[in-house]
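Trainee: from the sequence below, what's the structure:
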Amino acid sequence: MNEKIRQVWAASACVESLQAEMDQAQAALSCAMAEALAAGGSPESIGAVANLTLPELERRIHLLQTPPVPGIFG
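Mentor: Here you go, the predicted model:
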C-alpha cells in the first residue's frame with residue numbers, strides 16, 4: 001500500500017474510532033437524561049445542562065423509549 005493510501009486508511013480508522021466513542025457518549029447522555037426525568041427532574045433544567053432545546057430533548061428521549069425494529073441490529 002503506498003504511503004498516501006496508508007494515510008487515508010489511518011485517517012479513516014481514526015474517524016471511525018472517534019465516531020464509536022461519540023455514539024457511546026450520546027447513548028450515555030440519553031440514558032442519564034431519561035434517568036433524571038424519571039427521578040423528577042424538570043425537562044427545562046435537564047435540557048439546559050445538556051445544551052439541548054426542549055424539542056431536541058424530547059426527540060432524544062422518544063428515540064430512547066422506542067423499541068428497536070427486530071432483525072435490524074442483530
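Trainee: only C-alpha atoms from now on, for both contacts and neighbour counts.
Mentor: Will do.
Trainee: buried ones in the helix or strand of the chain with the lowest mean pLDDT?
Mentor: The helix or strand of the chain with the poorest confidence is helix 54-65; it has a mean of 82 (mean pLDDT, DSSP states H and E). With burial defined by 16 or more other CA atoms under 10 Å, the residues of helix 54-65 counted as buried are Leu57, Arg60, Ile61.
Trainee: need the contact list for the second one.
Mentor: Right, the one you point to is Arg60. Arg60 sits next to Ser30 when contact means CA atoms under 8 Å, 6 or more residues apart in numbering.
Trainee: how about stretch 11-24, which residues are buried there?
Mentor: Residues of stretch 11-24 classed as buried by neighbour count (16+ other CA under 10 Å): none.
Trainee: distance from it to the middle of the chain?
Mentor: Between the centre of stretch 11-24 and the centre of its chain there are 12 Å (CA atoms, centre = their mean, to the nearest Å).
Trainee: C-alpha coordinates for that stretch, CSV please?
Mentor: Coordinates of each C-alpha in stretch 11-24 appear next as CSV, following Å, rounded to 0.1, in the frame of the first residue of the first chain:
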residue,chain,number,x,y,z
ALA,A,11,-7.4,8.8,9.0
SER,A,12,-10.5,6.8,8.2
ALA,A,13,-9.8,4.4,11.0
CYS,A,14,-9.4,7.4,13.4
VAL,A,15,-12.7,8.9,12.3
GLU,A,16,-14.4,5.5,12.8
SER,A,17,-13.0,5.1,16.2
LEU,A,18,-14.0,8.6,17.3
GLN,A,19,-17.5,8.0,15.9
ALA,A,20,-17.8,4.9,18.0
GLU,A,21,-16.8,6.9,21.1
MET,A,22,-19.3,9.7,20.2
ASP,A,23,-22.1,7.1,19.8
GLN,A,24,-21.3,5.7,23.2
